[in-house]
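Asks: okay, structure incoming, though there's no sequence with it:
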């Protein structure tokens with residue numbers, strides 16, 4: 001059963017058509033990722049589907065009783081006129097449970113004065129309902145959700161009006177998750193989250209009980225969360241099964257299939273046109289006229305609805321297809337008219353994308369970067385200390401970590417723009433460094449795109465414009481001033497300039513920021529084929545997962561080097577987290593008895609043994625708490641039969657405490673179990 005169905009939805013502003021022909025549905029358990037280039041209308045479509053805007057054409061049907069929740073990209077205007085704190089705002093989701101709790105307290109007082117059978121029965125039924133609705137654990141749900149989305153306890157008491165725009169967006173997301181709508185519509189939910197919060201959100205949405213529709217440029221997030229991808233273009237939506245990686249494979253196969261279909265179609269059309277010309281005035285005039293009419297209808301239908309309408313023509317007929325695709329014109333009536341319409345057919349086009357390629361400069365030495373006892377920061381403000389690094393030619397390192405821990409400062413230290421506080425940084429021989437700055441501070445805001453590009457390498461204007469066209473600066477776009485460019489346009493210009501430099505060592509600071517998914521894909525391909533060395537600072541986990549041969553994790557005042565790709569890093573990081581959670585108490589040995597313990601495999605065995613023991617301990621706790629709940633249930637039934645009001649109240653309160661504790665232990669067990 002579908003909770004939402006869109007039929008031929010389109011949106012226009014005056015004479016400008018943003019998109020048209022959007023038809024798709026979301027099943028009750030669907031998790032849909034909506035992708036497409038910037039400017040195609042994804043946010044506009046979400047507003048229409050959420051009932052917050054009206055389409056110019058088509059309709060949206062929502063299943064009766066479906067509750068929708070919508071998160072916009074920027075929610076700085078959320079909570080207007082609400083004087084709650086962050087925590088109190090979350091509690092408003094559970095007002096019905098607070099009302100039930102008040103009713104239970106009132107009944108308890110009434111029973112203490114007059115313990116009638118009917119009142120006891122009503123109390124028992126109401127208490128069971130309170131429990132089933134989560135009355136004993138919703139406070140825990142609130143705390144988990146706020147913590148998961150990056151709100152520490154000190155921010156729970158902040159008034160909503162004092163929150164930043166990003167904090168308000170996170171608070172609105174928290175409330176939506178607690179409300180558990182039947183269809184959750186999210187527009188770029190990861191924009192204001194760090195990696196830890198994104199991972200928590202992924203885990204939450206993977207077990208989401210309802211339907212989900214999400215727009216995101218985070219490809220790793222889409223892989224983890226979505227089971228269906230909608231690819232949006234001005235002509236409508238193509239539906240793909242699976243996550244983002246599965247969508248990529250299917251999309252490429254679909255493009256190839258459509259190209260083959262078009263080639264076969266043009267070959268058939270050529271043969272039929274040859275038949276029509278030869279026999280229109282001969283013995284087979286009637287047959288040729290019939291072919292002319294059928295072919296004219298096919299060509300007009302293709303113009304209106306693409307190659308897919310050919311299949312529909314075979315099963316539905318011309319009149320029905322004409323109505324469905326909104327075809328107004330009559331088919332061509334003469335051979336020359338038909339030939340003109342055939343000449344206007346165009347092969348299926350892939351969406352416009354960057355044509356980005358970085359040619360590496362001369363070969364560098366084998367060791368590209370080496371550090372020893374390095375400390376990075378500013379005088380009087382140490383940011384972090386680093387593991388000793390030896391970085392080799394053709395390696396790709398992904399530098400990750402929360403905002404503000406010193407990643408950009410580290411790059412500036414490598415570039416010798418800042419001296420290290422301690423230790424050494426040494427660049428290898430024959431290096432030519434190319435630096436992509438996150439803020440693009442080196443661009444001159446008053447320059448045009450063309451002037452800024454040619455400032456880095458003088459060339460003929462025609463050559464420069466041809467080069468810039470590969471980065472989607474076409475026509476008069478090259479005369480726009482840098483100060484007027486969007487974040488994505490500035491990033492594309494910076495990439496165009498970077499491609500000129502002939503570097504063999506790239507330092508890239510958040511290169512995918514502001515890029516849409518097609519541009520991210522092109523950049524990824526360019527970096528995959530780059531013949532030099534790359535140090536990549538990025539929150540783009542998909543890019544790091546595809547490229548990095550080692551991960552440099554910067555957090556808690558330390559840069560730690562992990563050899564291997566992103567998945568290997570995740571396993572090692574989670575294993576370290578387990579070891580920290582389960583400290584092992586060792587007996588104190590005499591100094592002469594202390595022996596060096598072997599590293600590597602032995603440590604892994606010990607960690608695995610501790611992990612197994614932790615799982616067993618948690619399972620034992622779960623078993624004991626479940627037994628305790630069973631005992632309390634029996635006692636509650638007996639107290640109810642004996643009409644012992646005070647005992648009923650005591651047991652109910654104890655039951656609630658034990659149930660909350662059990663829920664907390666189960667969460668810990670699930671987390672440990674997933675780490676395997």
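Replies: Received, thanks. A quick note: this is a predicted structure, and the numbers were derived from the prediction, not measured.
Asks: C-alpha from now on. contacts and neighbour counts both.
Replies: Noted.
Asks: list the buried residues in stretch 221-240.
Replies: 221-223, 225-237, 239-240 (16 or more other C-alpha atoms under 10 Å).
Asks: looking at the residues you listed, which are in strands?
Replies: 228, 229, 230, 231, 232, 233, 236, 237, 239, 240 (DSSP state E).
Asks: wait, residue 565 sits on residue 543?
Replies: No - at 11.0 Å, residue 565 does not count as touching residue 543 under the criterion of C-alpha atoms under 8 Å.
Asks: these two: which is more packed in?
Replies: residue 543 (24 against 19; other C-alpha atoms under 10 Å).
Asks: distance check, residue 110 against residue 97.
Replies: Residue 110 is 20 Å from residue 97, where distance means C-alpha to C-alpha, to the nearest Å.
Asks: so the two - more neighbours on which side?
Replies: Taking other C-alpha under 10 Å, residue 110 and residue 97 do not tie; residue 97 has more neighbours (20 against 15).
Asks: which strand or helix spans the residue lying farthest from the centre of the chain?
Replies: Centroid-distance maximum for the chain: residue 283 at 64.2 Å, with C-alpha atoms, centre = their mean. Secondary structure assignment for residue 283, by DSSP states H and E: no helix or strand.
Asks: cool, and residue 5?
Replies: Counting by DSSP H and E, residue 5 is part of strand 2-13.
Asks: elements contacting the helix or strand just after that strand?
Replies: Once the chain leaves strand 2-13, the next helix or strand it forms, by DSSP H and E, is strand 16-27. If you count contacts as 3 or more C-alpha pairs under 8 Å, 6 or more residues apart in numbering; DSSP states H and E, strand 16-27 packs onto strand 2-13, strand 236-241.
Asks: how does this structure divide up, domain by domain?
Replies: 1-79+163-242, 259-343, 367-572, 601-675 (automatic domain parsing).
Asks: Serialize those to CSV and add fields for distance to residue 134.
Replies: Formatted as CSV, those follow (distance: least, C-alpha to C-alpha, whole Å):
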stretch, distance to residue 134
domain 1-79+163-242, 12
domain 259-343, 49
domain 367-572, 33
domain 601-675, 10
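Asks: could you dump those to TSV with mean pLDDT and distance to residue 151?
Replies: What follows is the domains of the chain, written out as TSV (pLDDT from 0 to 100; distance: least, C-alpha to C-alpha, whole Å):
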stretch	mean pLDDT	distance to residue 151
domain 1-79+163-242	92	9
domain 259-343	79	49
domain 367-572	93	15
domain 601-675	66	19
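Asks: minimum distance to residue 88: which of the ones you listed has it?
Replies: domain 1-79+163-242 (10.7 Å; C-alpha to C-alpha).
Asks: and the closest one, how far apart are its ends?
Replies: 19 Å.
Asks: now stretch 62-75
Replies: 24 Å.
Asks: got it, and stretch 59-69?
Replies: 19 Å.
Asks: give me the contact list for the helix or strand containing residue 525.
Replies: Per DSSP H and E: residue 525 is located in helix 517-528. When contacts are defined by C-alpha atoms under 8 Å, 6 or more residues apart in numbering, helix 517-528 is touched by residues 35-37, 217, 219, 353-358, 512, 543, 547.
Asks: the residue nearest to residue 447 when sequence neighbours are not counted bridge partners, please.
Replies: Among residues not flanking residue 447 along the chain, residue 481 sits closest, at 5.5 Å (C-alpha to C-alpha, 6 or more residues apart in numbering). Going by DSSP bridges, residue 481 is paired in beta bridges with residue 448.
Asks: what's the burial count for residue 481?
Replies: 17.
Asks: before we move on, what about residue 468?
Replies: Neighbour tally, residue 468, other C-alpha under 10 Å: 24.
Asks: and the one 3 residues further on, by the same measure?
Replies: Other residues within reach of residue 471 by the criterion other C-alpha under 10 Å amount to 22.
Asks: does the nearest residue to residue 422 once chain neighbours are set aside lie in a helix or a strand, and which?
Replies: Nearest non-adjacent residue to residue 422, counting by C-alpha to C-alpha, 6+ apart: residue 375, 4.9 Å away. Residue 375 belongs to strand 367-378 when elements are defined using DSSP H and E.
Asks: name the residues of that strand that come out as buried.
Replies: Applying 16+ other C-alpha under 10 Å to strand 367-378 flags 368, 369, 370, 371, 374, 375, 376, 377 as buried.
Asks: with adjacent residues omitted, what lies nearest to the last one?
Replies: Read that as residue 377. Counting by C-alpha to C-alpha, 6+ apart, the residue nearest residue 377 is residue 383, at 4.7 Å.
Asks: helix, strand or coil for that neighbour?
Replies: Secondary structure for residue 383, judged by DSSP: H, G, I helix; E, B strand; the rest coil, is strand.
Asks: got a list of what it touches?
Replies: 375, 376, 377, 405, 406, 557.
Asks: how much space between the fifth one and residue 509?
Replies: Translated: residue 406. Applying C-alpha to C-alpha to residue 406 and residue 509 gives a distance of 12 Å.
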